[in-house]
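> Sequence and predicted structure, then a few things I'm wondering about:
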Amino acid sequence: MHDTGTAHSHGPDHVLDGGHGGHHQQGFLRTWVFSVDHKVIGMQYSVTGLLFLMFGFCLMMLMRWQLAYPGEPVAWLGAILGEARMPGGVMLPEFYNELGAMHGTIMVFLGVVPLAVGGFGNFVLPLQIGAPDMAFPKINMMSYQAYVLGGVIMLASFFVPGGAAQSGWTSYSPLAALAGSGQTWWLLGMVCLITSSLLGSINFIVTTVQLRAKGLTFFRFPFFVWAQFVTSFLLLLAFPPLEAAGVLQLMDRVAGTSFFMPSGLVVSGQALTISGGGNPLLWQHLFWFLAHPEVYVLILPAMGIVAEIIANNTRKPLFGYKTMVWSLIWLGFTSFIVWAHHMFMTGMGTVMSTFFQTTTMIISIPSVIILTSLMISLWGGSIRFNTPMLFALAFLPMFGIGGLTGLPLGLNITDIPLHDTYYVIGHFHYVVAPGTIFALFAGIYYWFPKATGRMMNETLGRIHFWPSFVCMNVIFMPMFIVGLAGVSRRLYDGGLSYEFARPVLHWNAVSSWGAWALGLAQIPFIINFFWSIRHGKKVDRNPWQATTLEWAAPSPPPHGNFVTEPVVHRGPYEYSVPGAKTDYLPQFDATEAR
Amino acid sequence: MEIPYVVTARQDTGLNNGKIGIWLFLASEVMLFGALFATYILLRVGAPTWPHGSSILNVPMATFNTAVLISSSVTMVMAWASVMRRRFAAYRGYMGATVLLGGVFLVVKYFEYSAKFHHELFPRTNTFLAIYFTLTGLHMLHVIGGMVVNAYFWGPGARLYHQNPEWFANRVENCGLFWHFVDLVWIFLFPVLYLL
Amino acid sequence: MGDHSADIDKHIRIYVVVFVSLMALTLITVAISYLHLPLPYAVAVALAVACTKGSLVACYFMHLISEKRLIFMVLALTAVLFLALMMLPIFTVADRVQVP
């Protein structure tokens, strides 16, 4: 059966010819700016995401000066950023708050997720399931454009009167409702980003279900595909309440409503002339309904990437693949009913506190199952310590520390002294920074040859890895100490004004120097990335001797991806099969079919 | 390789791509309106007093609007049935009626809103009005969106009927699913805001 | 599917029946509202009628009654999460620490 496609404008993007399209010469704009090809869109997402990661990192490097040396001027920065932000080179508290709120927002929504889901998901997923493209290529393009629009709005907000959003990435009301116009821009930017996410998640789900190759049943999917699939459901169903909340906060700010504004609010000695009757906790519920599943959006694709790289570089199947898949599904579902562990300090009674604490403890189980399975997968493997594998290996203990430090936060009693302290910052950065971001680096080194036909340089890769790994720990380990001492997060002076903080304050400077060193450690990566595009070692389709479908396509794949329609004959990790002639049996290889 | 299952169904799922896509989108919309209903519940339960809907809002007008939307849902499904029976003229009639009825809904809403504003009843006046305007306003945006898409398939988009009627039927069905959803939201909105 | 006319005819008859039912239920729910029942009852009745109407639209106009398993599974998941979103926030408010 074939579709009776007609004269609609998908046009040349889906005509396969196995090489470079000599038939229809598309202009530069159509090929690189308004492309509907998932590979181009994936690279667009990746490059834009990486740029935002760098920008968000720079915001934090600024903050870390203020935290290490509170009140100390930096003349040249003051000259660039101006009197409104750094008079006499000393950071204003309001500017510090802008940096803090925007660092979080940019890293999560403009950096990590676009790279992990928009970048890796778009580029790898159709290839790994043997599809010619995503199910809805035009919607794919629109989702990228919505992301860019959201990003532009977020960046522009730095230049409006009063500056960018400065009420934390969590934008709690009433503070956010009363804040300057940058907050309105933040809300509008979020609406664009949420739209982008929704369009993308629909595309991923339909593509995964409908466009998989012949023979590719659900339990023959690479773990990466499962991870993106579950992630898409999280995005689809968890984002809309935040969209609603954003609309409500916009109404509070622009139309004078009181959705989140309680009665009797007094600001600067003056009672607010609003109707009141609103509930600030309503914002928190709606926000965290998304933001908790969001953290699993941050980690799941990373786990997917690490799983692929570990299987490939141990030359062994993943240990407990089926259990890992069910754990993913369990994790995804449970992530929707744990959110109020972010709200233990809001006066909830013991019944609901216990409910959320219990679900939170339960969710740690599938998480541990996945991590442990990945670790056990190393046992008895013929491990190749290439750069992607180094990053993937580092992910394991780093995510382990992040996860373990989450446990006292998830229990309502132990959360009392830890809530909103540096302990929390240490916890979540361990999971996202040497956790997810390391996995993303691993993925870039791993799939670079598929995207470009060339390998990245191994030596530069190691020079990137080792200092990064050390610096991550130098930055974030001390935060547990600082947090346990009781220093709150979002303090403009890092705790200087508090007597009890004195014994631990020196750790702020340690973290700062680690951060600046981490920035330097990324330079070899940036050089490697651009240099290898032109001068990296040329390779053929499957330089890693991997088993999954994307390695059946040429490097880089043409429009339509595969020269002949791939057929899947076996599971995703048939490495070192007893009796086989090679130490890997690709999914797409018809010989020795089972 | 063309993108498969755009028109015909994949054998194991029994579905074409667009249908899954639209249902997934509707699932996300359920969560969107769900959040607003949750808002309504939280605000009402937390309020010392809450007006009965009929004391502030115009129940007869909204009842009429409910009937309008239900009718438009019928004309919408009849439009799809007409495409399935390959009766193009009937399709255009029913689809046109659907768009028109949507327009009637909007006109009534215009009168409702302007009456409120005339009486100095704004979203900022109290939380009841705030959630009323937000819920019905967001719903209204969805009505407008649906009307624009429906109008496109009544007008220039109808060309596809002659080129690929099966594909066109799928698209009309998907428009229908969205339009019925808009009706479905109103079926809950109406009693919650106006009758309780 | 253009030649399943008999099928479609049957569907059309169902659409008409559903249309009439929806109109009737609308009038019923409005009429009951004029009784100004105590709030818990009013809510229960209004929601029951709304759910009935909604089910009719979903099952017959949206063809859910004959839809494929995948769609049901997505909707079932959505329904569970929708309920969680409706109920859990209000439970946390109800279970508040009481200030004496």
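That came through, no problem. Residues are numbered from 1 along each chain as shown, chains lettered A, B, ... in the order given.

> burial of A:V295, as a residue count?
Neighbourhood size, A:V295 [other Cβ atoms under 10 Å in any protein chain shown]: 18. Every C-beta, even on glycine, is put in place using the N, C-alpha and C of the backbone.

> likewise C:F72?
C:F72 has 12 neighbouring residues, counting by other Cβ under 10 Å.

> Double-check that it belongs to a helix.
Yes. Counting by DSSP: H, G, I helix; E, B strand; the rest coil, C:F72 is part of a helix.

> Leaving out sequence neighbours, find the closest residue to it.
C:L64 (7.9 Å; Cβ to Cβ, 6 or more residues apart in numbering or on different chains).

> mind listing what the one you found touches?
By Cβ atoms under 8 Å, 6 or more residues apart in numbering or on different chains, the residues touching C:L64 are C:A58, C:I71, C:F72, C:L75.

> and A:F399, how far is that from C:V16?
Using Cβ to Cβ, to the nearest Å, A:F399 is found at 59 Å from C:V16.

> For chain C, tell me whether the helix or strand A:F204 falls within is touching it.
Here A:F204 sits within helix A:182-210, counting by DSSP states H and E. Yes. Residues of helix A:182-210 contacting chain C under Cβ under 8 Å from any Cβ of the partner chain: A:V209.

> returning to that earlier point: out of the contacts of C:L64, which end up buried?
Buried subset of the contacts of C:L64 (neighbour count, 16 or more other Cβ atoms under 10 Å in any protein chain shown): C:A58, C:I71, C:L75.

> Identify the residues contacting the second one.
The contact partners of C:I71, by Cβ under 8 Å, 6+ apart, come to B:L15, B:K19, B:I20, B:W23, C:L64.

> can we see that at 6 Å?
C:I71 is in contact with B:W23, counting by Cβ atoms under 6 Å, 6 or more residues apart in numbering or on different chains.

> now, which of the buried ones among the contacts of C:L64 sits nearest chain B?
Closest approach to chain B among those (Cβ to the nearest Cβ): C:I71, at 5.1 Å.

> Quickly note the distance from that closest one to C:L85.
From C:I71 across to C:L85, the span is 21 Å (Cβ to Cβ).

> Next: A:S157.
29 Å.

> Just the mean pLDDT for the helix holding A:F204, thanks.
Averaged over helix A:182-210, pLDDT sits at 98.

> now for that helix, which elements pack on it?
Applying 3 or more Cβ pairs under 6 Å, 6 or more residues apart in numbering or on different chains; DSSP states H and E, we find helix A:182-210 packed against helix A:137-156, helix A:223-250, helix B:17-46.

> Could you look over those helices and pick the most buried one?
Comparing those by mean neighbour count (mean count of other Cβ atoms under 10 Å in any protein chain shown), helix A:223-250 ranks first with a mean of 25.

> strands paired with the following helix or strand past it, and their directions?
Next helix or strand after helix A:223-250 toward the C-terminus (DSSP H and E): strand A:266-267. Paired neighbours of strand A:266-267 in the sheet (DSSP bridges): strand A:270-271 (antiparallel).

> which residue ranges form the strands in chain C?
Per DSSP state E, chain C carries no strands over any range.

> Residue of it closest to chain A, please.
Of all residues in chain C, the one sitting closest to chain A is C:D95 (3.5 Å; Cβ to the nearest Cβ).

> Check the chain for its longest helix and report it.
Using chain A here. When chain A is parsed with DSSP state H, its longest helix is helix A:280-314.

> that's the other chain; I wanted chain C
Ranked by number of residues, the top helix in chain C under DSSP H is helix C:5-33.

> Report all helices and strands that it contacts.
Applying 3+ Cβ pairs under 6 Å, 6+ apart, one finds that helix C:5-33 contacts helix B:59-84, helix C:39-56.

> about what we covered before: with respect to chain C, which of the helices and strands packed on helix A:182-210 lies nearest?
Among the helices and strands packed on helix A:182-210, helix B:17-46 sits nearest to chain C (Cβ to the nearest Cβ), with 4.3 Å.

> Skip ahead from that closest one and say which helix or strand is next.
Note on helix B:17-46: by DSSP H and E, the next helix or strand toward the C-terminus is helix B:53-56.

> hmm, who's touching that next one?
Helix B:53-56 is contacted by residues B:L193, B:Y194, B:L195, B:L196 when judged by Cβ under 6 Å, 6+ apart.

> what's around the residue lying closest to the third one once chain neighbours are set aside, how many residues?
Setting aside the residues directly before and after it, B:L195 is nearest to C:S33 in space (Cβ to Cβ, 6+ apart), at 3.8 Å. Using other Cβ under 10 Å, the number of residues around C:S33 comes to 21.

> Could you report the distance from C:S33 to A:G111?
51 Å.

> how far does the longest helix of chain C sit from the chain's center?
Relative to its parent chain, helix C:5-33 has a centroid offset of 14 Å by Cα atoms, centre = their mean, to the nearest Å.

> where in chain C is pLDDT low?
C:1-5, C:99-100 (pLDDT under 70).

> one more time with 80
Residue ranges of chain C with pLDDT under 80: C:1-7, C:97-100.

> Kindly report the same for chain B.
B:1.

> Output the set of residues of it in proximity to chain C.
Counting by Cβ under 6 Å from any Cβ of the partner chain, chain B comes close to chain C at B:13-15, B:23, B:27, B:30, B:34, B:38, B:41-42, B:63, B:66, B:70, B:73-74, B:77, B:81, B:84-86, B:177, B:180, B:183-184, B:187-188, B:191, B:195-196.

> Now a ChimeraX select for only the buried ones of those residues.
Applying 16+ other Cβ under 10 Å to the residues of chain B next to chain C leaves a buried subset, and the ChimeraX line that selects it is:
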select /B:13,15,23,27,30,34,38,41,42,63,66,70,73,74,77,81,84,85,177,180,183,184,187,188,191,195,196
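
> Which residues of chain B lie near chain A?
Counting by Cβ under 6 Å from any Cβ, chain B comes close to chain A at B:1-2, B:5-8, B:10, B:17, B:20-21, B:24-25, B:28, B:31-32, B:35-36, B:42, B:46-47, B:123-124, B:126-127, B:130, B:134, B:163-164.
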